[in-house]
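Asker: quick one, fold the following:
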Amino acid sequence: MARLSIATYNVNSVRSRIPSLTRWLNDNRVDLLCLQETKVQDSEFDPAFFHDLGYTVAFRGQKATAGVAIASRAPLTDVRIGFGDGEEPDDGPRLIRGRLGDLLVINTYVPQGKALDHPDYAYKLRFFGRIRALLDRETSPREPVVWVGDLNVAPTDRDVTHPENKRDHVCFHEDVKEVFEAVRRWGLVDVFRKHRPGEGEFSFFDYRVKDSLARNIGWRIDHVLATESLAEKSVDSWVDRLPRSWDRPSDHTPVVAVFDR
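Answerer: Numbering: from 1, shown residues only. Model prediction:
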C-alpha cells in the first residue's frame, strides 16, 4: 500500500515565500502541494524552483491577486484551469485541477467576499454553487476525489476564535456556511476533523491582530475534503503552525493530510 501526502498552503505571494517553501519542502516531502494566492502572472512564475526540488508544477495566476498552483512529485494528467462551465468569469486564477492516477485533485482559492453587501460576496456564494456543479459534471462521490484550498469559510464555531463576534463576517455568516455545506453534502468528508475533532486549531492568523499566532487567535479556513472512500484511507491530518512563526511568513500556514492507498 502506497502512502500519499497532500498539503494545502495559501502562500500570499509565492515569490515572497521562496525561503519558507524551500525550508518547508526540504523537511516535508509531500507528494502534492496545492498553493493559493500565488499573486504572480504566468510569465513570471518560476517552475524551475519546484523542478529543482523534485516536483512538476501546474499553475495559473495573475498580477498581484489570486493565483493557484499544484506541485506534484509525479506528473499530473488532465490538468484543467478554471470552471469550464460557460459562465464568466471562468476564474482560472482561482481553480486548477488534475489527476494523479485515478485521484482527482481540485485546488481552489475561494473569493473572500469583502462585505455581506458587496458584489464579491454574492459571487463567493455562487462560486460554491459552481463547485458543486463541477463535481456533478466531472466526477462521482464513488470516485477518489480531494478538494483542497483556501475556501474562506470557517464551517463551525470550533473553527474560529470568539465565534460570537463573527456571525456577520463573510467567512462565517450562515449563508456561506450553508453553501459550503451544500457542496460537502455531495459526498465529501472534512479530513482534518476526522482526525482532529477538538477546538483551538487554526490555519489563518491575521497579520493585523497583534501576536495572533502566540495568542492562538485564528480561523480554520484552509481545508482538505475527500470523498468517503478516500477519507476512509486517511491516516492523519494536521495544521503545521511552524511556518507561520518564521521570518516574513504568510498569514496562512500549511494543512496536511496523509492517506494510505
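Asker: in stretch 209-224, which residues are buried?
Answerer: Residues of stretch 209-224 classed as buried: Ser212, Leu213, Ile217, Gly218, Trp219, Arg220, Ile221, Asp222, His223, Val224 (neighbour count, 16 or more other Cβ atoms under 10 Å). In this view, the C-beta of every residue, glycine as well, is placed from N, C-alpha and C.
Asker: what comes into contact with the helix or strand encompassing the last one?
Answerer: I take that to be Val224. Element membership for Val224, per DSSP states H and E: strand 222-227. If you take Cβ atoms under 8 Å, 6 or more residues apart in numbering as the criterion, strand 222-227 is touched by 6, 8-10, 141-151, 184, 187-192, 203-204, 234, 237, 252, 255-257, 259.
Asker: using PDB, write out the CA atom coordinates for that strand.
Answerer: Coordinates of each C-alpha in strand 222-227 appear next as PDB, following Å, rounded to 0.1, in the frame of the first residue of the first chain:
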ATOM      1  CA  ASP A 222      -8.000  26.100   4.700                       C
ATOM      2  CA  HIS A 223      -9.400  22.700   4.100                       C
ATOM      3  CA  VAL A 224      -8.800  19.100   2.800                       C
ATOM      4  CA  LEU A 225     -12.100  17.400   1.800                       C
ATOM      5  CA  ALA A 226     -12.200  13.900   0.400                       C
ATOM      6  CA  THR A 227     -14.800  11.500  -0.900                       C
END
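Asker: average pLDDT for that strand?
Answerer: Here strand 222-227 scores 99 as its mean pLDDT.
Asker: which residues of the stretch 151-261 of the chain score low on pLDDT?
Answerer: Along the stretch 151-261 of the chain, the model assigns pLDDT under 70 to no residue.
Asker: so where do the helices sit in it?
Answerer: Listed in chain order, the helices of the stretch 151-261 of the chain (DSSP state H, counting those that start in this stretch) span 174-184, 191-195, 228-231.
Asker: okay, the ones you listed in TSV with distance to Thr77 and mean neighbour count next?
Answerer: As requested, the helices of the stretch 151-261 of the chain are exported to TSV (distance: least, Cβ to Cβ, whole Å; neighbours: other Cβ atoms under 10 Å):
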stretch	distance to Thr77	mean neighbour count
helix 174-184	24	16
helix 191-195	23	20
helix 228-231	18	17
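Asker: let's have those helices in JSON lines, adding distance to Phe59.
Answerer: JSON lines is the format used below for the helices of the stretch 151-261 of the chain (distance: least, Cβ to Cβ, whole Å):
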{"stretch": "helix 174-184", "distance to Phe59": "24"}
{"stretch": "helix 191-195", "distance to Phe59": "24"}
{"stretch": "helix 228-231", "distance to Phe59": "24"}
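Asker: picking up where we left off before, mark which of the contacts of strand 222-227 are buried, thanks.
Answerer: Using 16+ other Cβ under 10 Å, the buried members of those are 6, 8-10, 144-151, 184, 187-192, 203-204, 234, 237, 252, 255-257, 259.
Asker: circling back: and the helices of the stretch 151-261 of the chain: which comes nearest Asn28?
Answerer: helix 191-195 (16.3 Å; Cβ to Cβ).
Asker: picking that back up, nearest to Arg244, out of the helices of the stretch 151-261 of the chain?
Answerer: helix 191-195 (16.3 Å).
Asker: by contact count, what packs against that closest one?
Answerer: strand 222-227, strand 234-239, strand 255-260 (3 or more Cβ pairs under 8 Å, 6 or more residues apart in numbering; DSSP states H and E).
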